[in-house]
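Chemist: Sharing a sequence plus its predicted fold:
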Amino acid sequence: MSAVPGPRRLGLPAARRVALAAQGLATPRPQRPVTVRDLGRVLDTVGLVQIDSVNVLTRSHYLPFFSRLGPYDTGLLDRMRDRAPRRMVEYWAHEASLLPPSTWPLMEHPRMRRGEEDSWGGMRRVAQEHPDLVAAVLAEVEAGRPRTAREIEVALERDAPRAEGGWGWNWSLVKNALEHLFWTGRISSAGRTRQFERRYAGLSRVVPPADAARWLDPSQRLGPQDAYDELVRISTRALGVADLASIADYFRIRREHAAPALERLVAAGEVEEVRVEGWSASAYLHAAARRPRSVSGRALLSPFDSAVWHRPRLEALFDFHYRLEIYTPAAKRVHGYYVLPFLLGDALVGRVDLKADRAAGVLRVHRVGWESGRGGAQDRAELDAELDLMARWLELGHGPQPRASSQCSASPLDPSASTSQPVSRP
């Protein structure tokens, strides 16, 4: 009897190329103005885009589109989120994220129904201790136009009878009630203000007509098994090749739900179990994953880009140790405050600490660190070209790379090496 063949083996360089292609980082940027359709394709490719309030360079959700498309009008992306019919909506997926409206109902089982268990303490407490307030906030949101938390607070404050239920008037309680309703899928967001405040709205005001049935009628949504299958399907397609931990992390679903979904997709032939060179755990390759022989991409990647979300996978694929140091005391930072990995070809060759100094009209390059063996003249020229492209997109100037840029190490920054080299905008 012949032996049953084991999982197919995939070399590490091939796995890197599969991963980059799946994330849209192996596709040439368009040599024409970027359109809404281009932006939509990026969202469909990655599945979701993380939102973060840090604005040192630009809002983080703008950067993944720049990395894949080059310069574009961010107003187009805002309109896709803020105007009907919406092509993307906000929800807690991989943290706060923008995702296609069709994905929103899939989050019912991993997130919405678990609001009492998994949401933050303040959200849980307001639902348990002040159900009358939650009901009042829900009625106010559904009755009016999209508004910020502060505007809803003012509206409730005017309506004195609603403040007589024993909860008094408390801004933090109103905000927590709104967040509870948003987490549990009873209200949504119609977009963000210029100050990055969420504009809360009833579901019927946000959902595009094509998705209304599953948004507004929970009985029309997929059951738990089918919903988890679809989330894992989106994740494996966006990752190309990944282990269980990375796949579960993509939508922050529990491994106990991701693992059976993977088994079903493998049985259906949509995903193949493989062994990747150097990995101890089994990996899963999407059946439709591109397997390019070479990748010639070039991009600066946001700290919140889906290509770098799961740090263990990033290190296993690229031998690139990366941590966000925003909340690390300055004296203990190794690479800087807002550090973007630099992708060149199929390798992460360096990292750059950047800041948009809008008052001075410059893109400040605080520090450049190169991986071992990288940082030669060609690497520096490619980085300078990418920085120039980013500066022009942000309508800023930028100067040469700091002369004190160095090989990456695990030691805290030497303040004398953290130089900034801006020039005035040309």
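Modeler: Yep, that arrived. These numbers were taken from a predicted model, which means no experiment stands behind them. Residues are numbered from 1 along each chain as shown.
Chemist: and the closest residue to Trp279 other than its chain neighbours, how many neighbours?
Modeler: Using CB to CB, 6 or more residues apart in numbering and skipping the chain neighbours, the partner closest in space to Trp279 is Ala316 (5.9 Å). The C-beta positions use only the backbone N, C-alpha and C, and glycine is treated the same way. Here the count is done by other CB atoms under 10 Å, and Ala316 has 21 residues near it.
Chemist: What is the helix or strand where Ala316 lies packed up against?
Modeler: Using DSSP states H and E, the element containing Ala316 is helix 311-318. Judged by 3 or more CB pairs under 8 Å, 6 or more residues apart in numbering; DSSP states H and E, the packing partners of helix 311-318 are helix 12-22, helix 244-250, strand 347-357.
Chemist: Now do the buried residues in that helix.
Modeler: Residues of helix 311-318 classed as buried: Arg313, Leu314, Ala316, Leu317, Phe318 (neighbour count, 16 or more other CB atoms under 10 Å).
Chemist: just to revisit the earlier point, can I get the helices and strands packed on helix 311-318 in CSV including distance to Arg81 and mean neighbour count?
Modeler: Converted to CSV, these look like this (distance: least, CB to CB, whole Å; neighbours: other CB atoms under 10 Å):
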stretch, distance to Arg81, mean neighbour count
helix 12-22, 24, 22
helix 244-250, 21, 22
strand 347-357, 21, 22
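Chemist: Distance to Asp217 and mean pLDDT added to the ones you listed, as JSON lines?
Modeler: Below are the helices and strands packed on helix 311-318 laid out as JSON lines (distance: least, CB to CB, whole Å; pLDDT from 0 to 100):
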{"stretch": "helix 12-22", "distance to Asp217": "33", "mean pLDDT": "98"}
{"stretch": "helix 244-250", "distance to Asp217": "27", "mean pLDDT": "98"}
{"stretch": "strand 347-357", "distance to Asp217": "44", "mean pLDDT": "98"}
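Chemist: Which one of these lies nearest to Glu157?
Modeler: The closest of the helices and strands packed on helix 311-318 to Glu157 is strand 347-357. By CB to CB, the value is 37.2 Å.
Chemist: what about the residue nearest to Trp279, distance to Ala93?
Modeler: 23 Å (CB to CB, to the nearest Å).
Chemist: Kindly report the same for Glu140.
Modeler: Taking CB to CB, one finds Glu140 at 26 Å from Ala93.
Chemist: And for Leu12?
Modeler: Distance from Leu12 to Ala93, by CB to CB: 29 Å.
Chemist: Now the residue nearest the centre of the chain. Its backbone dihedrals?
Modeler: Among the residues of the chain, the one closest to the centroid is Gln50, at 2.2 Å (CA atoms, centre = their mean). Per-residue torsions, Gln50: phi -70, psi 140 (degrees, to the nearest 10).
Chemist: How about the contacts made by the closest residue to it other than its chain neighbours?
Modeler: Of all residues not flanking Gln50 in the chain, Phe304 sits nearest, at 4.3 Å (CB to CB, 6+ apart). By CB atoms under 8 Å, 6 or more residues apart in numbering, Phe304 lies in contact with Gln50, Asp52, Ser60, His61, Leu63, Glu95.
Chemist: Spell out the secondary structure type for Phe304.
Modeler: At Phe304, secondary structure determined by DSSP: H, G, I helix; E, B strand; the rest coil is coil.
Chemist: ditto for Pro101
Modeler: Applying three-state DSSP: Pro101 is coil.
Chemist: Could you list which residues are in contact with it?
Modeler: Applying CB under 8 Å, 6+ apart, the residues near Pro101 are Arg86, Arg87, Met88, Val89, Val207, Pro208, Ala210, Asp211, Trp215.
Chemist: Of these, just the buried ones, PyMOL syntax please.
Modeler: Buried residues within those, by 16+ other CB under 10 Å, are selected in PyMOL with:
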select buried, resi 86+87+88+89+207+211+215
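Chemist: mind listing which of the contacts of Pro101 are in strands?
Modeler: Secondary structure from DSSP state E places Val89 of those in strands.
Chemist: Now distance to Pro100 and pLDDT too, for the contacts of Pro101, in a markdown table please.
Modeler: As requested, those are exported to a markdown table (distance: CB to CB, whole Å; pLDDT from 0 to 100):
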| residue | distance to Pro100 | pLDDT |
| --- | --- | --- |
| Arg86 | 9 | 98 |
| Arg87 | 7 | 98 |
| Met88 | 6 | 98 |
| Val89 | 8 | 98 |
| Val207 | 12 | 98 |
| Pro208 | 10 | 98 |
| Ala210 | 11 | 97 |
| Asp211 | 9 | 98 |
| Trp215 | 12 | 98 |
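Chemist: what's the closest of the contacts of Pro101 to Pro30?
Modeler: Set against Pro30, the nearest of these by CB to CB is Arg87 (18.1 Å).
Chemist: Can you tell me the closest non-neighbouring residue to the closest one?
Modeler: Excluding the flanking residues, the one nearest Arg87 by CB to CB, 6+ apart is Met80, at 4.2 Å.
Chemist: Any idea how many residues pack against the one you found?
Modeler: Neighbours of Met80 (other CB under 10 Å): 19.
Chemist: Begin at 766, not 1, for the rest of this chat.
Modeler: From this message on, residue numbering opens at 766, which makes the last subject Met845.
Chemist: Go ahead and confirm it touches Met853.
Modeler: Yes. Between Met845 and Met853 there is a contact under CB atoms under 8 Å: 5.3 Å.
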